[in-house]
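>>> Structure for the following, please:
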Amino acid sequence: MSEEGHPIKIFFVCTGVDLSRRGIESFFREAFEGLKDAPGLDITLYKGGGRDGDREKRIRCVPKESRLGRLLGKAIRRSGYVVEQLTFLPGLIKEIRKHRPAIIFYSDASVGMNLYKYRNWIGDSYKLLFSNGAPLASPILMTDHVHQVTPFYYEQALAVGESVNRNTLVPYGIIVPQGPPLIDPQLRADVRRKLGLPADRKIILSVGAIGMKTHKRMPHLIREVGRMATPRPFLLLLGPVEEGRIEFTKLADEVLGHDNYQLTSVPYGHVGEYYKAADVFTLASLSEGFGRVYIEAMIAGLPCVVHDHPIMRYVLGGLGIHVDMAAPGACSLALATELSKPFDPAAAIERRESVRTRFAWKSLQSDYTAMFRKCVAGASN
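Residues are numbered from 1 along each chain as shown. Predicted coordinates for the structure are as follows:
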């Protein structure tokens with residue numbers, strides 16, 4: 001509760017919610033759903049897309065992926081993403097002046113920077129709480145408190161002299177469906193048929209930004225699957241194509257063959273069906289801010305072949321298959337080994353229950369509430 005005995009009024013702010021699907025948008029959507037009814041908190045979600053709802057409000061802006069967003073970005077020599085945030089700000093400032101939140105919880109850097117710079121002009125005493133999921137290297141300036149989502153970045157912050165009073169470690173949360181993952185072979189086959197995926201082949205799934213130069217390193221994954229013995233598994237790449245689609249598709253066609261892979265992007269609510277259809281999950285990135293897709297895969301019970309890094313080890317909690325993704329052949333060998341094993345329902349259930357114990361919102365609700373109270377109590381910079 002606030003000092004006056006009222007719930008802490010918090011704005012959850014993310015311009016891309018209901019406009020696009022990165023890890024940040026998924027986090028803010030699910031954080032809102034998971035925490036909005038927590039005792040002592042009064043949360044409203046402010047977003048750039050979709051419709052107004054119960055305690056969620058759309059603020060009109062120019063989407064980063066729109067033609068106008070790209071044109072304006074070129075005109076001001078900034079990205080469409082910055083345009084999206086800057087055009088979102090006037091409506092958000094109006095809401096701040098009207099409702100006077102105690103905390104603005106955000107990850108969009110341009111939004112936070114401007115709310116910090118012009119706080120006196122905006123005329124309120126809100127605290128800025130930056131969720132560092134992208135992540136930014138510490139020290140992180142122009143904010144009041146930093147939400148660190150893994151021990152790796154939390155410890156880095158302290159190592160460069162950041163205060164424990166200004167940083168809080170709480171992992172991303174996620175909604176975990178009740179019961180076990182889908183383990184019935186017939187039902188899994190039904191999902192594949194519904195999605196138009198091969199019924200008689202092993203399926204490797206990777207989820208993330210698709211392109212020639214993104215840090216998800218999808219071209220590396222294509223080459224690694226190309227190293228596998230024929231007949232190869234089917235490669236399913238799920239995510240937005242950020243750049244170089246023609247070049248990327250040409251590479252996949254040359255290495256795998258047109259009929260041996262699929263790249264697609266689907267609405268957030270449909271992603272879970274693709275996890276149910278897969279046999280193994282992998283991501284070739286060498287670092288992540290958190291790696292939400294790892295826990296999405298674990299919820300579906302999938303074995304995860306990932307890079308050997310402290311963040312991946314933390315998120316997967318001892319249940320991942322860790323390899324040196326920078327070493328040619330390491331990923332393909334691990335995938336082949338994992339796909340040669342028979343399906344293990346007990347292991348699939350263990351993976352989902354690990355996520356439920358460590359990352360379900362019910363398990364984390366008190367930790368987030370404590371972070372919000374700590375932010376309100378701290379002094380502004």
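
>>> what about the strands in the stretch 151-300 of the chain?
Assignment of strands within the stretch 151-300 of the chain using DSSP state E, counting those that start in this stretch yields the ranges 167-169, 203-207, 210-211, 234-238, 241-243, 261-264, 280-282.

>>> and the ones you listed, which one's lowest on average pLDDT?
If you rank these by mean pLDDT, strand 241-243 sits at the bottom with a mean of 78.

>>> got the buried residues for that strand?
Within strand 241-243, the residues that qualify as buried are Val241, Glu242, counting by 16 or more other C-beta atoms under 10 Å. Bear in mind the C-beta positions are built from the backbone N, C-alpha and C, glycine included.

>>> Please apply the same query to stretch 338-357.
Of the residues in stretch 338-357, Glu338, Leu339, Ala348, Arg351, Arg352, Glu353, Ser354, Val355, Arg356 count as buried by neighbour count, 16+ other C-beta under 10 Å.

>>> now swap in stretch 219-228 and tell me
Of the residues in stretch 219-228, those buried by neighbour count under the rule 16+ other C-beta under 10 Å are Pro219, His220, Leu221, Ile222, Arg223, Glu224, Val225, Gly226, Met228.

>>> what's the spacing between the third one and Glu33?
The spacing between Leu221 and Glu33, counted by C-beta to C-beta, to the nearest Å, is 31 Å.

>>> on that earlier part again, any chance of the buried residues of stretch 338-357 in CSV, plus secondary structure, pLDDT and distance to Arg21?
Shown next, in CSV, are those (DSSP: H, G, I helix; E, B strand; the rest coil; pLDDT from 0 to 100; distance: C-beta to C-beta, whole Å):
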residue, secondary structure, pLDDT, distance to Arg21
Glu338, helix, 97, 27
Leu339, helix, 97, 27
Ala348, helix, 98, 25
Arg351, helix, 98, 23
Arg352, helix, 98, 22
Glu353, helix, 98, 26
Ser354, helix, 98, 24
Val355, helix, 98, 19
Arg356, helix, 97, 23
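
>>> thinking again about what came up before, and which of the buried residues of stretch 219-228 is nearest Val293?
When the buried residues of stretch 219-228 are compared for distance to Val293 (C-beta to C-beta), Leu221 comes out closest, at 13.1 Å.

>>> Settle this for me: that closest one is touching Leu205, isn't it.
No. In this structure, Leu221 sits apart from Leu205 without contact. The criterion is C-beta atoms under 8 Å, and the distance is 10.7 Å.

>>> Mutual contacts of these two, please.
Listed contacts common to Leu221 and Leu205 are Thr282; contacts here mean C-beta atoms under 8 Å, 6 or more residues apart in numbering.

>>> Tabulate the buried residues of stretch 219-228 (TSV), appending pLDDT and distance to Asp253.
Output for these, formatted as TSV (pLDDT from 0 to 100; distance: C-beta to C-beta, whole Å):
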residue	pLDDT	distance to Asp253
Pro219	97	13
His220	97	17
Leu221	98	15
Ile222	98	10
Arg223	98	13
Glu224	98	16
Val225	98	13
Gly226	97	11
Met228	97	17
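
>>> Scan the helices and strands of this structure for the one with the lowest mean pLDDT.
Counting by mean pLDDT, DSSP states H and E, the chain has its least confident helix or strand at strand 241-243, which shows a mean of 78.

>>> from the chain's centre, how far out does that one sit?
17 Å (C-alpha atoms, centre = their mean, to the nearest Å).

>>> With stretch 43-57 instead?
Taking the mean C-alpha point of stretch 43-57 and that of its whole chain, the gap between them comes to 19 Å (C-alpha atoms, centre = their mean).

>>> For beta bridges, what are the partners of Ile174?
When bridges are taken as DSSP bridges, the partners of Ile174 come out as Ala360.

>>> so what strands line up beside the helix or strand in which Ile10 is found?
Take DSSP states H and E as the rule and Ile10 turns out to sit in strand 8-14. Applying DSSP bridges, strand 8-14 is found paired with strand 41-47 (parallel), strand 103-106 (parallel).

>>> Please name whichever of the ones you listed is nearest to Thr369.
Between Thr369 and the strands paired with strand 8-14, the shortest separation by C-beta to C-beta is 6.4 Å, and it involves strand 41-47.

>>> What's the first helix or strand after the closest one?
With DSSP H and E, the next secondary element past strand 41-47 is strand 56-58.

>>> how far out from the middle of the chain is that next one?
Using C-alpha atoms, centre = their mean, we find the averaged C-alpha position of strand 56-58 to lie 20 Å away from the chain's own average C-alpha position.

>>> Now do the buried residues in the next helix or strand along the chain from it.
Towards the C-terminus, the helix or strand next in line after strand 56-58, according to DSSP H and E, is helix 67-76. For helix 67-76, burial by neighbour count (16+ other C-beta under 10 Å) applies to Gly69, Arg70, Leu72, Gly73.
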